[in-house]
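1. A structural model of the following input is requested.
(2 chains)
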Amino acid sequence: MVQLTDTQLDRYSRHIILQEVGPEGQEKLMNARVLVIGAGGLGSPIALYLAAAGVGCIGIVDADVVEISNLQRQVIHFSSDMQRPKVESAAEKMRAINPDIEVNTYKIYLNASNIQEIISGYDFVLDGTDNFATKFLINDACVMAGLPFSHGGILRFDGQTMTVLPGHSSCYRCSFRQPPPPDAVPSCSQAGVLGAIAGMLGTIQAAEALKFITGAGTLLTDTLLTFDAKNMHFRRVSLKKRSDCPLCGENPTLHELEEGDRATCDLSA
Amino acid sequence: MKADRFEDLSGVRCPLNYAKTKMLLSNMESGQTLEIILDDGPPIRNVPGSVQQEGHVILCQEKQGDQWNVVIKKV
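-> Got it, this is the predicted structure:
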């Protein structure tokens, strides 16, 4: 029995009138628990859209405070939020958009010893982080926990995203075996990023989360979606789940989470 | 013929009237009927067609004064 109040029917009417969502899909969203890792360029649109969509419980993880250089793309934070913890600033906006939702904040850096406890209890995870070490950590922890997640990354004018259903589709390590050496990859602050592409990629990730929860459409599984916003060129690259993947293959060699070097974007201010 | 459920949606604008109709249908069994009252104009022009697109059947649609009586059978 789907029970939505008149106010909820009105608030979510544009979801409810979608054939693929409907009252049942909206109820699934309202009962869903989603974790957003990073309250930055990607996390901002992700958190805003998930809150607006009525995802019942949203966790948000970020250890940083808001700095002026964030405001060019991290649209959940305002000028008046400077020096506030990002999770606090983000949670306030999410609750302002939708007072019905529950927001859990985690003002911490994720590492191999705390990630498993934080992700447990969530139905879907979104990676909105800015460094390879944490991207691999999220992949490994989610695959080990059998927890679906969306990978996302942006740099300069480029973005890439894929959705992973552990045990069913290719994981991040199937295609990218290990983090690149720290000096091989320019950090966001070294390379720059066009602010709006954070919105382009983050909203794709948010859409994947909403599709996963409601069951609408098909996900970006076994597919890396990349775009080059300079020429507005989009591309889908087919990926395969690899039997020799060290994490999710037939004879995995990775059984424990690795502590990586997170400092690829240490000039993030 | 008396429908299994009845809802007066007069004065309820588009698309909330359709959202409410979907909500009611989702809580009914297949084969049950829902009678709704819709305003003339956009509501009667939009709601029955949308209901049919989702596979439900419009059993009857009658004008009574400024409003419409619509009976829907859930697919």
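2. who are the neighbours in contact with the residue in the stretch 51-200 of chain A that chain B sits nearest to?
-> In the stretch 51-200 of chain A, the residue found nearest to chain B is residue A:54; the distance is 13.4 Å by CB to the nearest CB. Placement of C-beta: from N, CA and C, glycine included. Going by CB atoms under 8 Å, 6 or more residues apart in numbering or on different chains, residue A:54 touches A:8, A:11-12, A:15, A:26, A:29-30, A:98, A:100-101.
3. ok, now with 6 Å
-> A:12, A:29-30 (CB atoms under 6 Å, 6 or more residues apart in numbering or on different chains).
4. Could you do residue B:75 as well?
-> B:55-56.
5. how close does it get to chain A?
-> 12 Å (CB to the nearest CB, to the nearest Å).
6. again with residue B:67
-> The value you get for residue B:67 to chain A, if CB to the nearest CB is used, is 20 Å.
7. got the residues of chain B near chain A?
-> Proximity of chain B to chain A is confined to B:15-16, B:18-20, B:22-23, B:26-27, B:54 under the rule CB under 6 Å from any CB of the partner chain.
8. hmm, 10 Å instead?
-> B:12-27, B:46, B:50, B:53-55 (CB under 10 Å from any CB of the partner chain).
9. List buried members of those residues by neighbour count.
-> Neighbour counting over those (16 or more other CB atoms under 10 Å in any protein chain shown) leaves B:12, B:14-26, B:46, B:50 as the buried ones.
10. could you pull out the helices for chain A?
-> Listed in chain order, the helices of chain A (DSSP state H) span A:6-11, A:13-16, A:22-31, A:43-53, A:86-97, A:115-119, A:132-145, A:172-175, A:188-191, A:195-214.
11. is chain B contacted by the last one?
-> In other words, helix A:195-214. No: interface with chain B: helix A:195-214 contributes nothing (CB under 10 Å from any CB), its closest point being 13.5 Å away.
12. buried stuff in that helix?
-> A:197-202, A:204-214.
13. Mind giving me the packing neighbours of it?
-> In terms of contacts (3 or more CB pairs under 10 Å, 6 or more residues apart in numbering or on different chains; DSSP states H and E), helix A:195-214 is packed against helix A:22-31, strand A:33-37, helix A:43-53, strand A:124-127, strand A:149-155, strand A:158-164, strand A:223-228.
14. at 7 Å instead, please
-> Counting contacts by 3 or more CB pairs under 7 Å, 6 or more residues apart in numbering or on different chains; DSSP states H and E, helix A:195-214 is packed against helix A:22-31, helix A:43-53, strand A:124-127, strand A:149-155, strand A:158-164.
15. now what about the third one, what contacts it?
-> Okay, so that is strand A:124-127. Outside of strand A:124-127, the residues within contact range by CB atoms under 7 Å, 6 or more residues apart in numbering or on different chains are A:34-37, A:46, A:119, A:135, A:138, A:142, A:147-152, A:205, A:209, A:212-213.
16. returning to what we had before: the helices of chain A: which one's closest to residue A:160?
-> Set against residue A:160 and scored by CB to CB, these come closest in helix A:195-214, at 7.7 Å.
17. Helix or strand: which one has residue B:45?
-> helix B:42-53 (DSSP states H and E).
18. mind saving the C-alpha coords of that helix as CSV?
-> Provided in CSV are the C-alpha atoms of helix B:42-53 (Å, rounded to 0.1, in the frame of the first residue of the first chain):
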residue,chain,number,x,y,z
PRO,B,42,-7.1,20.6,-19.5
PRO,B,43,-8.0,17.9,-16.9
ILE,B,44,-10.5,16.0,-19.1
ARG,B,45,-8.2,16.5,-22.1
ASN,B,46,-5.1,15.1,-20.3
VAL,B,47,-6.0,12.7,-17.5
PRO,B,48,-7.9,9.9,-19.4
GLY,B,49,-5.4,9.8,-22.2
SER,B,50,-2.5,9.5,-19.7
VAL,B,51,-4.3,6.8,-17.8
GLN,B,52,-4.8,4.8,-21.0
GLN,B,53,-1.1,5.2,-21.9
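19. pLDDT averaged over it - what is it?
-> The average pLDDT within helix B:42-53 is 97.
20. Show me what the helix or strand that that helix is followed by is packed up against.
-> Reading on from helix B:42-53 to the C-terminus, the next helix or strand found by DSSP H and E is strand B:57-64. If contacts are counted by 3+ CB pairs under 7 Å, 6+ apart, strand B:57-64 sits against helix B:42-53, strand B:67-73.
21. buried residues in the last one?
-> What that stands for is strand B:67-73. By 16+ other CB under 10 Å, the buried positions in strand B:67-73 come out as B:67-68, B:70-73.
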